[in-house]
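Enquirer: sequence and predicted structure below; questions after.
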Amino acid sequence: MQFSAFSMKTMPFSKICIIGAGAAGLVTAKHAIKDGHEVDIFEQTDSVGGTWVYSEKTGCHSSMYKIMKTNLPKEAMLFQDEPFREDLPSFMSHEDVLEYLEDYSKNFPIRFNTTVTDVRRDGEKWKVCLVALEISRPPFFQVTTSTNSNEPVSHFYDVVFVCNGHFFEPLNPYENSEFEGEMIHSHDYRRAEHFEGKTVVTLISKKAVYPVLPKTVRQIASHVKSVYENGVVTDEGERIYADVIIVCTGYVFKFPFLDSSLIQLKHNDLMVSPLYQHLCHVDYPDSLFFIGLPLGTITFPLFEVQAKYALSLISGTGKLPSDISEIQNFETRRLQGLQNPGAFHILVEEQWDYMKELVEMGGFEEWSYMETIRKLYCYIMSERKKNVIGYKMVNFEMNEDETDFRVGFRSVKNECGP
Ligand code: FAD
């Protein structure tokens, strides 16, 4: 593949809009600010962290549940040069990760309670429409009232980064079933206590993030033929009674602020199109970016590589293929190699070559520690296959130059979610 500097822009500093203050938005902001750009981050809630903000309430953005432990260790889930606290165990709680993101983003220019409602091209700029939730804090009460009375306002940007997450819109193939009991999606699962004394069946699809459930819960992994009014029917024809069905079948992508003339969701809303490298909009490859779409990856470090590559295109130091058809045909080529088009953004083993390619095209230095992350990831994936809960009951110790690790066992209660 031949690369060339695609961007005609020589403008050193751009006005950048970042949608979402989760891990993807924050790491993008960090590098954009470092590069000297003018950055606005819009966050619809009142805090940073996205997925890592736990709430007892359901129906909100985050799908976090109470006793979750990370499925990656802190040694593999970090941003470059930003280690997690030394005293934390390798597999952390959601509070630990949230604290990390809060520390990481101190003094970032974030406008909270501000929802991006529309993004469209307007001449040479991106017109971004926002609705800010008006928060009034009475001086003597610890109560916050809010009125959504504000009119939408528009701002213009050179570049937009879409970092709105992808674990908030449930995919529920059983939504219209005749089941008469209680059915919830894992998005709304918070605590096992809610189901005490009930017969619960969980329906789990292979790649979904799914929560830990009480030992009494019967977990059915991907061999359910149908759901009937009182429970489920397995492939073998066995009828299993359930008071509650928890559906853990994953999520679809959603961009309510983007018109379908700009972005289409294909293959049951599991593929975002038209994008080059799961990242750059094909028609605006150096000004409209999507950070964090790849699934089955090490997340934070990968988001960082994506953000750095995108920023290299903005500054003109990075490259896109000189042949525009390479950009346009990215999706066709990838789909040809896939049996299931719904797996379009799932990378898993491909993630290492993917990041190397972005580093090479971006012309920035590869993080040498990424090789250690790769080793850790491979180790964890293989241990997870052997013991979906027990694999989290270890702590990793890095050797001095952090090129390798040792595994030490720790005694923890059997409460880690897969
Ligand atoms: P999010 O964290 O979802 O952040 C998106 C942000 O955008 C949110 O704050 C949201 O409010 C905001 N937003 C959305 N729309 C708008 C709008 N229109 N206007 C303004 N703001 C908007 N990953 C791991 O690495 N390790 C794990 O152990 C792990 N466990 C997980 C467990 C669960 C239950 C889930 C659901 C996910 C888990 N993940 C894990 C994946 C996790 O989602 C990613 O690590 C990462 O946090 C995703 O970050 P993000 O910024 O892409 O999205």
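Expert: Thanks, I have it.
Enquirer: near the ligand, which residues of the stretch 251-400 of the chain are found?
Expert: Residues of the stretch 251-400 of the chain found near the ligand (C-beta under 6 Å from any ligand atom) are 257, 292, 299, 300. Bear in mind the C-beta positions are built from the backbone N, C-alpha and C, glycine included.
Enquirer: now for those residues: which two are most distant?
Expert: The distance between the two most remote of those (C-beta to C-beta) is 24.3 Å, for 257 and 300.
Enquirer: residue 19 versus residue 76, what's the distance?
Expert: From residue 76 across to residue 19, the span is 27 Å (C-beta to C-beta, to the nearest Å).
Enquirer: who has more neighbours, those two?
Expert: More crowded of residue 76 and residue 19, by other C-beta atoms under 10 Å: residue 19, with 29 against 24.
Enquirer: was I right to think the more buried one contacts residue 159?
Expert: No: the criterion here is C-beta atoms under 8 Å, and residue 19 misses it with residue 159 at 11.6 Å.
Enquirer: report the central residue of this protein.
Expert: Closest residue to the average C-alpha location of the chain: residue 165 at 4.8 Å, with C-alpha atoms, centre = their mean.
Enquirer: okay, now the closest residue to residue 38 other than its chain neighbours: neighbour count?
Expert: Excluding the flanking residues, the one nearest residue 38 by C-beta to C-beta, 6 or more residues apart in numbering is residue 15, at 4.8 Å. A count of nearby residues for residue 15, using other C-beta under 10 Å, gives 16.
Enquirer: contacts only, for residue 15.
Expert: Contact analysis of residue 15 by C-beta atoms under 8 Å, 6 or more residues apart in numbering lists 37, 38, 40, 156, 157, 158, 159.
Enquirer: among those residues, which one sits closest to the ligand?
Expert: Taking C-beta to the nearest ligand atom as the measure, the ligand lies nearest residue 40 of those, at 11.1 Å.
Enquirer: which SS class is that closest one?
Expert: Following DSSP: H, G, I helix; E, B strand; the rest coil, residue 40 is assigned to strand.
Enquirer: ok, the residue nearest to it when sequence neighbours are not counted to the ligand distance?
Expert: Nearest residue to residue 40 in three dimensions, chain neighbours excluded: residue 17, at 5.5 Å (C-beta to C-beta, 6+ apart). Remark: distance between residue 17 and the ligand (C-beta to the nearest ligand atom, to the nearest Å) = 10 Å.
Enquirer: cool, and residue 195?
Expert: Look at residue 195 and the ligand: by C-beta to the nearest ligand atom, they are 17 Å apart.
Enquirer: now the nearest residue to residue 369 once chain neighbours are set aside: which helix or strand?
Expert: The shortest distance from residue 369 to any non-neighbouring residue, by C-beta to C-beta, 6+ apart, is to residue 402 (5.9 Å). Using DSSP states H and E, residue 402 maps to neither a helix nor a strand.
Enquirer: residue 24 now?
Expert: Assigned by DSSP H and E, residue 24 belongs to helix 23-34.
Enquirer: likewise residue 309?
Expert: Secondary structure assignment for residue 309, by DSSP H and E: helix 300-315.
Enquirer: and the angle for that helix with helix 23-34?
Expert: Relative orientation of helix 300-315 versus helix 23-34 (axes from the mean of the first three to the mean of the last three C-alpha atoms, to 10 degrees): 40 degrees.
Enquirer: from the chain's centre, how far out does helix 300-315 sit?
Expert: In terms of C-alpha atoms, centre = their mean, to the nearest Å, the centre of helix 300-315 is found 15 Å from the chain centre.
Enquirer: and it, what's buried?
Expert: Residues of helix 300-315 classed as buried by neighbour count (16 or more other C-beta atoms under 10 Å): 300-315.
Enquirer: much appreciated, bye for now.
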